[in-house]
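# here's a sequence, model it:
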Amino acid sequence: MERKIFAGPKVRRIRNGLGVTQTAMAEALGISPSYLNLIERNQRPLTVQLLLKLASVYKVDLDELQSEPGNNLAGLREVFADALLSGELPGDQELVEIAEAAPNAASGMVKLYRAYREQAARLSDLSALMAGDAHVPAAGARLPADEVRDVLERRPAYFAMIEDAAEQFFMSLPSGDLQQVLKDWLQKERGITVRIMPVHVMPDLRRRFDRHSMRLFISERLSTSDQLQEIAIEVATLALRAAIGKELDSLGLSTPEAQRIARFELARSAALAIMMPYEAFLGAAKTVRYDLDLLRSRYGCSFGQAAARLIMLQRPGNAAVPFFLMEVDAAGNRLRRAGAAGFPHARFGGGCPKLGIHAALLQPGQIIAETAETPDGSGFLTVSRTLEGPAAPFGERIRRTAVLVGCDAQFRDATVYSQATSSSPHAVAIGPACRLCERKGCLARAEPPVTRPLGLDEMVTGLSAFDFQ
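Purely as a prediction, here's the structure:
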C-alpha cells in the first residue's frame, strides 16, 4: 500500500517563502483553494500528481517533502532526555509535530541546549581546577572548537580528496564570471536562489540558507571576494559532500559538535579550492614568485584568501613552497594557525611580540617582509599584512586583523619577497612566548621567563622591566 504523505507545514512554508497566496498556488496546481487549505492543515495528503506538479512548477525538492523530521527530531529527543525535562512529554508525537511544523524553531532549541551543555561542562572543569584537582585538563580543553583547532594546526593543510573533487567540479563548470557561474549552478542544480541582503534585514549574519524557501542570503557588509567565498562554501557543501565527509572522518574527532565545526572548516577549504583551482593557481604562484598581491588581483580574491590557498598547495609531486600561516587581532589573540606541514610550533613558535604581524597592525594595508631568527639559529621568511573585516556602519569599529605567511629561510629566494629581505640583511631576533624566551636585553619582553630567576640587584636595572639572571 502506498504511504500517504502529510506535508502541510512544508507546503505552507514553501508558499510563504515564495510570497504566493493560497489562491494563486491552488490555481497553479490545478486544485481549489479550499483543498490546498486542507493540505496545509494536514487534513489531506499530498498525491503523487500534486508532488510532481509542485516539483515542476515551484522547483521543490521531492525528497525534502517526503523526508521525516530527521535531524531536528533526534536533536529534540536529546533535549527532552535531559533530567530537567524528561518528564514533560509522554511520547514523541509532540516532538514530531514541532520538528515538522517549526523546523527553524526546533533547530534553535537544539542549538541553545547544546550551548547550555557545553557551558555546563566548561564550568565543571573550572570548578574542579579551583578545587585543586590535578587530573582535570586545562580550562577550555573540552571545548569542541579547541579540539578542531588543535587537530588542524598539527596536520598539513592539504586535503587530497577535496582538492581532486574540487578540480573535477571546476572543470565541469562553464566559463565566465565565477560568482555568476556558481549562482547559476545553485539555481539550475538545486533550485537555490542567491540574494544579497541589506544590513538592516540581516544585521548579524554573513550568510544564511533558508532550506524551505530555497534561498541563500548573503550580507551586503561583505566584500565581493568574501561574498564569492560564502557562495562557494554553499556550493562545496552540496557538490563536494562526499569528499568533505571522507576528510572529516580521517580527522578522528571525538564529538558531534567538533565534527560540525570541522565540517565547516573543510567546506571553507573546499570553497577556496573551487575559487582557485590547484594546477592553475600553483602555476600562477610560481610564475609571480608567490607575490600575494598579484595573485589576489589575478583571481579577484582577498589577500587573506590567497594566503590561505597558498598553504594548501602540497600535492605529492607537484607542490609549492611549504608555507605556514597565522592570524591575530589587535589584542594578540590567536585566530588561526595552519601550515603546509602543520604549523611549526616547536621551531617557529609564533608568540613573539617582535614579529612583523604585530607591526603590520600599525601600518594597515602595508606588506612587511623580513627574515626572523629564533634562538636556535633557525631562520624564517615572514610576510605580514592587515586584513579588513566586513564593512562596518558609522559609529562601529571595523574588524581589523593581521596575517603572517612564513616559510623556512632556505626557500626565501624562490619568492619575490627576497628583494626586501636582502636589502635588510639583519634578521629580527625573535623567540617563543616571553615566558619561555631567554633572550637578554629584549625591549619587547612582556613577561619574565619561567626558566630563570629574576635579577634582584637594586643597584642595577636592565633594559627590560623583567631583568633576569
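
# and Ala340, its phi and psi?
phi -60, psi -30 (degrees, to the nearest 10).

# so what's the residue count around it?
22 (other C-beta atoms under 10 Å). All C-beta spots, glycine's among them, are computed from the backbone N, C-alpha and C.

# who's in contact with it?
By C-beta atoms under 8 Å, 6 or more residues apart in numbering, the contact set of Ala340 is 156-158, 311-314, 319-324.

# now restrict those residues to buried residues only.
The neighbour-count test (16 or more other C-beta atoms under 10 Å) applied to those identifies Pro156, Ala157, Tyr158, Ile311, Met312, Leu313, Gln314, Ala320, Val321, Pro322, Phe323, Phe324 as buried.

# those in strands, which ones?
Gln314, Phe324 (DSSP state E).

# can you tell me the element the closest residue to Leu361 other than its chain neighbours falls in?
Leaving aside its sequence neighbours, Leu361 sits nearest to Ala402 (C-beta to C-beta, 6 or more residues apart in numbering; 5.0 Å). If you go by DSSP states H and E, Ala402 is part of strand 400-408.

# and that strand, what does it pack onto?
The contact analysis (3 or more C-beta pairs under 8 Å, 6 or more residues apart in numbering; DSSP states H and E) places strand 400-408 against helix 303-310, strand 324-329, helix 356-360, strand 379-388.

# minimum distance to Cys434: which of these has it?
With C-beta to C-beta, the closest approach to Cys434 among the helices and strands packed on strand 400-408 belongs to helix 356-360: 12.9 Å.

# what's in contact with the closest one?
By C-beta under 8 Å, 6+ apart, the residues outside helix 356-360 that reach it are 326, 328, 332, 366-370, 372, 382-386, 402-404, 428.

# what does the residue nearest in space to the middle of the chain show for phi and psi?
With distances taken as C-alpha atoms, centre = their mean, Glu265 lies nearest the centre of the chain, 4.2 Å away. Backbone geometry at Glu265, expressed as degrees, to the nearest 10, gives phi -60, psi -40.

# now the element after the strand holding Ala402, going C-ward?
Following strand 400-408 in sequence order, the next helix or strand is helix 418-422 (DSSP H and E).

# now that next one, how far from the centre of its chain.
How far helix 418-422 lies from its chain's middle: 33 Å, per C-alpha atoms, centre = their mean, to the nearest Å.

# mean confidence score for it?
Mean pLDDT, computed over helix 418-422, is 80.

# next secondary structure element downstream of that helix?
Downstream of helix 418-422 (by DSSP H and E), the next one is strand 428-429.

# what pairs with the residue nearest to Leu361 across the strands?
Here Ala402 shows beta-bridge partners Val328, Thr386, assigned using DSSP bridges.

# filter the contacts of helix 356-360 to the buried ones?
326, 328, 367-370, 372, 382-386, 402-404, 428.

# quick check: the residue nearest to the centre of the chain touching Glu153?
No - using C-beta atoms under 8 Å, Glu265 is not in contact with Glu153; the gap is 11.3 Å.

# quick one: end-to-end length of stretch 192-200, please.
23 Å (C-alpha to C-alpha, to the nearest Å).

# for that stretch, which positions count as buried?
By 16+ other C-beta under 10 Å, the buried positions in stretch 192-200 come out as Ile192, Val194, Met197.

# can you tell me the closest non-neighbouring residue to the last one?
If I follow you right, that is Met197. Closest to Met197 by C-beta to C-beta, 6+ apart is Phe217, at 4.7 Å.

# other SSEs contacting the helix or strand hosting that neighbour?
Using DSSP H and E, Phe217 maps to strand 215-219. With contacts taken as 3+ C-beta pairs under 8 Å, 6+ apart, strand 215-219 sits against strand 193-197, strand 207-210, helix 224-239.

# coming back round to it: give me the neighbour count for the residue nearest to Met197.
Applying other C-beta under 10 Å, we find 19 other residues in the vicinity of Phe217.

# my guess is it contacts Phe209. True?
Yes - if you go by C-beta under 8 Å, Phe217 and Phe209 touch, sitting 7.5 Å apart.

# about what we covered before: now, among the buried residues of stretch 192-200, which is nearest to Met275?
Checking these one by one against Met275 (C-beta to C-beta), the nearest turns out to be Val194, at 15.4 Å.

# thought the closest one was touching Val181?
No - with contact defined as C-beta under 8 Å, Val194 does not reach Val181; the gap is 11.8 Å.

# returning to what we had before: any idea which of the helices and strands packed on strand 215-219 is most buried?
helix 224-239 (a mean of 21; mean count of other C-beta atoms under 10 Å).

# could you give the angle of it to strand 215-219?
For helix 224-239 against strand 215-219, the angle by axes from the mean of the first three to the mean of the last three C-alpha atoms, to 10 degrees is 150 degrees.

# between helix 224-239 and strand 193-197, how big is the angle?
Using the same axes, to 10 degrees: helix 224-239 against strand 193-197 is 150 degrees.

# which other helices and strands contact the following helix or strand past helix 224-239?
Heading C-terminal from helix 224-239, the first helix or strand you meet, by DSSP H and E, is helix 241-250. Packing partners of helix 241-250 (3+ C-beta pairs under 8 Å, 6+ apart): helix 160-172, helix 256-275.

# repeat that for 10 Å
Secondary-structure packing of helix 241-250 (3 or more C-beta pairs under 10 Å, 6 or more residues apart in numbering; DSSP states H and E): helix 160-172, helix 224-239, helix 256-275.

# just the C-alphas of that helix, formatted as CSV.
This file holds the C-alpha atoms of helix 241-250, laid out as CSV (Å, rounded to 0.1, in the frame of the first residue of the first chain):
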residue,chain,number,x,y,z
ARG,A,241,29.8,16.5,0.2
ALA,A,242,31.3,13.0,-0.2
ALA,A,243,34.9,14.3,-0.3
ILE,A,244,34.4,16.6,2.7
GLY,A,245,32.8,13.7,4.6
LYS,A,246,35.8,11.4,3.9
GLU,A,247,38.3,14.0,5.0
LEU,A,248,36.2,14.7,8.1
ASP,A,249,36.2,11.0,9.1
SER,A,250,40.0,11.0,8.8
